[in-house]
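Asker: quick check, what structure comes out for this input:
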Amino acid sequence: MSITIRIATITDVEDISFLGKKTFDQSFGYLFNDKQDLLDYLERTFSLAKLKTSIGKPHNILDCIVR
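Answerer: Now for the predicted structure:
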């Protein structure tokens with residue numbers, strides 16, 4: 001099985017959003033006393049709109065691993 005690392009594109013934002021929310025929740029979710037605060041934070045931080053804007057900036061480079 002080969003693995004390829006490439007620069008993420010706008011078509012990757014849904015996967016990036018999902019993985020960001022999932023891994024942040026697993027790593028730091030326990031620090032939030034209120035579950036709704038965590039959900040609000042995840043939506044603000046990993047929203048599709050925010051990621052699309054971020055990925056479109058030339059100085060922001062996100063890598064994507066593809067199997």
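Asker: partners of the helix or strand of the chain with the lowest mean pLDDT in the sheet?
Answerer: Ranking every helix and strand in the chain by mean pLDDT, DSSP states H and E puts strand 63-66 at the bottom, with a mean of 84. Using DSSP bridges, the neighbouring strands of strand 63-66 in the sheet come out as strand 4-7 (antiparallel).
Asker: where in the chain is pLDDT low?
Answerer: When the per-residue scores of the chain are filtered using pLDDT under 70, no range remains.
Asker: list the helices and strands the longest helix along it packs on?
Answerer: Taking DSSP state H as the criterion, the chain has its longest helix at helix 13-28. When contacts are defined as 3 or more CB pairs under 8 Å, 6 or more residues apart in numbering; DSSP states H and E, helix 13-28 sits against helix 35-45, helix 48-55. All C-beta spots, glycine's among them, are computed from the backbone N, C-alpha and C.
Asker: any chance of TSV for those, columns distance to residue 21 and mean neighbour count?
Answerer: Supplementary listing: those in TSV, determined by distance: least, CB to CB, whole Å; neighbours: other CB atoms under 10 Å:
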stretch	distance to residue 21	mean neighbour count
helix 35-45	5	13
helix 48-55	11	14
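Asker: need those helices in TSV (columns: distance to residue 26).
Answerer: Listed next are the helices and strands packed on helix 13-28 as TSV, based on distance: least, CB to CB, whole Å:
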stretch	distance to residue 26
helix 35-45	11
helix 48-55	19
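Asker: mind checking which of the ones you listed is nearest residue 7?
Answerer: When the helices and strands packed on helix 13-28 are compared for distance to residue 7 using CB to CB, the nearest one is helix 48-55, at 9.2 Å.
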